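1. Predicted model, plus sequence, below.
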Amino acid sequence: MTELTQLTLSQALEKLRAGDITSVDLTQAHLDQIEAYDPQIKAYLTVTKDHALEQAQAADEARANGDDKPLLGIPIAVKDVLSTKGIETTCGSKILKGYTPVFNATAIQKLYDAGAVLLGKLNMDEFAMGSSTENSGYFTTLNPWDLEHVPGGSSGGSAAAVATNMAMATLGSDTGGSIRQPGSFCGVTALKPSYGRVSRYGLIAYGSSFDQTGPLGKTVEDVARMLGVIAGQDPNDSTSMPNEVPDYAANLSTDVSGLTIGMPVEYFGDGLQPEVDKAVRDAIAQLESMGATVKEVSLKHAEYCLPAYYIIAVAEASANLARYDGIRFGARVEKADLVSTYKATRGQGFGEEVKRRIMLGTYTLSAGYYDAYYGKAQAVRTLIRQDFDTLFEEVDVLMSPVAPTTAFKFGENTSDPLQMILADILTISANLAGVTGMSIPCGLDNNGLPIGLQILGAPYTEQTVLNVGHAYQNATDWHTQVPTILKG
Ligand code: GLN
């Protein structure tokens, strides 16, 4: 059965359409794969076996009746940040233990409407705060390429599940890099759409002015199919935009002639692992040899991205997380009076990193400090956006590494929270500016760990970014490499 899990989503669709395979067999193969590998990798918080098999059965019946929805019968899984009706949704936090939403996130509903089969909910850093999945309130996910290394985060489960064929594609969320960085660390294709491209209704909020949900998959083509389904305006999310949703997968092209690639000099500075630097430069050279033009550019305010992001993100988080009080949803630590119940629930329900951020955010928003921190960070954010606007007048896409290094070891950055956030330096600017960002595999380091190429594009140029990635994947085979754990 394992061959079925090795198919890409697009190949599986073709076989389903041709009647060569059934969704029930495809889904069962993925459930078997989960049973075989997840005890080791720990990507799943919840496996929805019966639900998945029911959906698969329904998909096969629908197909027999002539239905051909875009993802009909395709088994996928989603980060536990997305609300799933009737299925526990914890956001990786103990405080939401037992919370079962009464509605589906719009992205989930759209996947269901397109015929997808849900295999389960994936592990993550608590409330999406982190870069390694070590902050999960439950357990840590392992990097399938080397079990002593982190899978990245916060969508570590989403990336590890794709890398081990435990789902054909997954959804993650990206506030400061949480789709792209685990994508890079686990060697899969991972897209953060532009701010407003995909509805966040039902996506549990971390930093609302940054959060985006997006797909991870084995190929650019697979990711394009997922995006085509989940994108679009939603009356339930006033920040989702009315821009037309192209048929991304059908429009994919491999022609990069006439394309201008910008390399921000600030993103190729000191501190890059040499193999990362080389692999990314080689990937850009490859695209140049295929007809693209490459030029060096400058992101003038790059050095201010990290402080601006970490002030605004924690401020928004402190407000967003105020609602978890043990009264309305999730776990409750019952005490004699209301205030003691709040305190005990929040004290025991939230992990250390989440508490640190709530405190920092409350501080930066408090009277007397608001202008000095939050106000200033917002002003800096405007400058960073302007940098991107100016650059995208002269280049079509920007390219850089996704992270300065490949996946680090467990515990390597946990004792020093500053060290952990410094590793986000290359991804957060895209969230500050609301632009499109994708990670695609472009090499392996000396220890055999994957390296990711980051491709950034102006807001709503997902098609361009996907096309460049598709052209690269058409000419190279880094995206087809699999971790040794899968080689038997
Ligand atoms: N690592 C970053 C943070 O902790 C980004 C997380 C994310 O994108 N959700 O905030």
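-> Everything's here; your move. Computed from a prediction, not measured in an experiment: that's the story for all the values here.

2. residues contacting the closest residue to residue 177 other than its chain neighbours?
-> In space, and not counting its chain neighbours, residue 177 is closest to residue 427: 2.8 Å by C-beta to C-beta, 6 or more residues apart in numbering. For the C-beta atoms, the positions are set from N, CA and C on the backbone; glycine is no exception. By C-beta atoms under 8 Å, 6 or more residues apart in numbering, residue 427 lies in contact with 174, 176, 177, 180, 181, 402, 403, 437, 454.

3. Against residue 75, how distant is residue 464?
-> Taking C-beta to C-beta, to the nearest Å as the measure, residue 464 and residue 75 are separated by 30 Å.

4. cool, and residue 455?
-> Note on residue 455: its distance to residue 75, by C-beta to C-beta, is 27 Å.

5. So which of residue 464 and residue 75 has more stuff around it?
-> Using other C-beta atoms under 10 Å, the more surrounded residue of residue 464 and residue 75 is residue 75, with 32 against 17.

6. Would you agree residue 204 is in contact with residue 91?
-> Yes: counting by C-beta atoms under 8 Å, residue 204 touches residue 91, with 4.7 Å between them.

7. near the ligand, from the contacts of residue 427?
-> The subset of the contacts of residue 427 within reach of the ligand, by C-beta under 6 Å from any ligand atom, is 174, 176, 177.

8. Report pLDDT for residue 1.
-> Confidence at residue 1, expressed as pLDDT, is 44.

9. Low-confidence regions, this structure specifically.
-> For the chain, the stretches flagged by pLDDT under 70 are 1-2, 488.

10. And the strands in it?
-> 44-47, 75-79, 117-122, 169-174, 189-192, 212-217, 260-264, 293-297, 397-401, 436-444, 450-457 (DSSP state E).

11. Now distance to residue 231 too, for those, in JSON lines please.
-> Shown next, in JSON lines, are these (distance: least, C-beta to C-beta, whole Å):
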{"stretch": "strand 44-47", "distance to residue 231": "26"}
{"stretch": "strand 75-79", "distance to residue 231": "16"}
{"stretch": "strand 117-122", "distance to residue 231": "19"}
{"stretch": "strand 169-174", "distance to residue 231": "12"}
{"stretch": "strand 189-192", "distance to residue 231": "11"}
{"stretch": "strand 212-217", "distance to residue 231": "9"}
{"stretch": "strand 260-264", "distance to residue 231": "24"}
{"stretch": "strand 293-297", "distance to residue 231": "28"}
{"stretch": "strand 397-401", "distance to residue 231": "19"}
{"stretch": "strand 436-444", "distance to residue 231": "11"}
{"stretch": "strand 450-457", "distance to residue 231": "14"}
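
12. for residue 223, what are its contacts?
-> Neighbouring residues of residue 223 by C-beta under 8 Å, 6+ apart: 169, 189, 190, 191, 215, 216, 217, 438, 466.

13. do the same with residue 85
-> Residues counted as contacts of residue 85 (C-beta under 8 Å, 6+ apart) are 101, 102, 103, 104, 108.

14. and the two most separated of the residues you listed?
-> 102 and 108 (13.0 Å; C-beta to C-beta).

15. So which of the two has more stuff around it?
-> Per other C-beta under 10 Å, whichever of residue 102 and residue 108 has more neighbours is residue 108, with 26 against 8.

16. related to what we said a few turns ago, so which of the contacts of residue 427 would you say is closest to residue 233?
-> For the contacts of residue 427, the closest approach to residue 233 (C-beta to C-beta) belongs to residue 174, at 19.6 Å.

17. For that closest one, name its beta-bridge partners.
-> Residue 174 has these beta-bridge partners by DSSP bridges: residue 212.

18. my read: it touches residue 180, true?
-> Yes: checked against C-beta under 8 Å, the pair residue 174 and residue 180 is within contact range at 6.4 Å.

19. shared neighbours of these two, anything?
-> By C-beta under 8 Å, 6+ apart, residue 174 and residue 180 have these common neighbours: 192, 427, 437.

20. Could I get these in JSON lines, plus columns for distance to residue 367?
-> Output for the shared contacts of residue 174 and residue 180, formatted as JSON lines (distance: C-beta to C-beta, whole Å):
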{"residue": "192", "distance to residue 367": "34"}
{"residue": "427", "distance to residue 367": "32"}
{"residue": "437", "distance to residue 367": "36"}
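
21. Show the contacting residues for the residue nearest in space to the middle of the chain.
-> Nearest to the geometric centre of the chain sits residue 179, at 2.1 Å (C-alpha atoms, centre = their mean). Counting by C-beta under 8 Å, 6+ apart, residue 179 touches 155, 158, 172, 173, 190, 191, 192, 212, 214, 216, 439.

22. for those residues, which one is nearest residue 329?
-> Closest approach between these and residue 329, by C-beta to C-beta: residue 173, at 19.0 Å.

23. who's in contact with residue 87?
-> Under the criterion of C-beta under 8 Å, 6+ apart, the contact list for residue 87 reads 46, 48, 51, 100, 101, 118, 121.

24. right, and the last one touches residue 80 too?
-> Yes: with contacts counted by C-beta under 8 Å, residue 121 reaches residue 80, the gap being 4.2 Å.

25. residues near residue 353, how many?
-> Using other C-beta under 10 Å, residue 353 is surrounded by 18 other residues.

26. Next: residue 307.
-> Neighbours of residue 307 using other C-beta under 10 Å come to 14.

27. quick one: the residue in the stretch 301-450 of the chain that the ligand sits nearest to and residue 306, what's the gap?
-> Per C-beta to the nearest ligand atom, residue 424 is where the stretch 301-450 of the chain lies closest to the ligand, at 4.7 Å. Counting by C-beta to C-beta, the separation of residue 424 from residue 306 is 7 Å.

28. Compare these two and say which is more crowded by neighbours.
-> Using other C-beta under 10 Å as the criterion, residue 424 and residue 306 rank with residue 424 on top: 23 against 18.

29. give the contact list for the more buried one.
-> Neighbouring residues of residue 424 by C-beta under 8 Å, 6+ apart: 131, 176, 177, 181, 306, 309, 403.

30. Setting the sequence-adjacent residues aside, check what's closest to the fourth one.
-> By that I understand residue 181. Nearest residue to residue 181 in three dimensions, chain neighbours excluded: residue 152, at 4.7 Å (C-beta to C-beta, 6+ apart).
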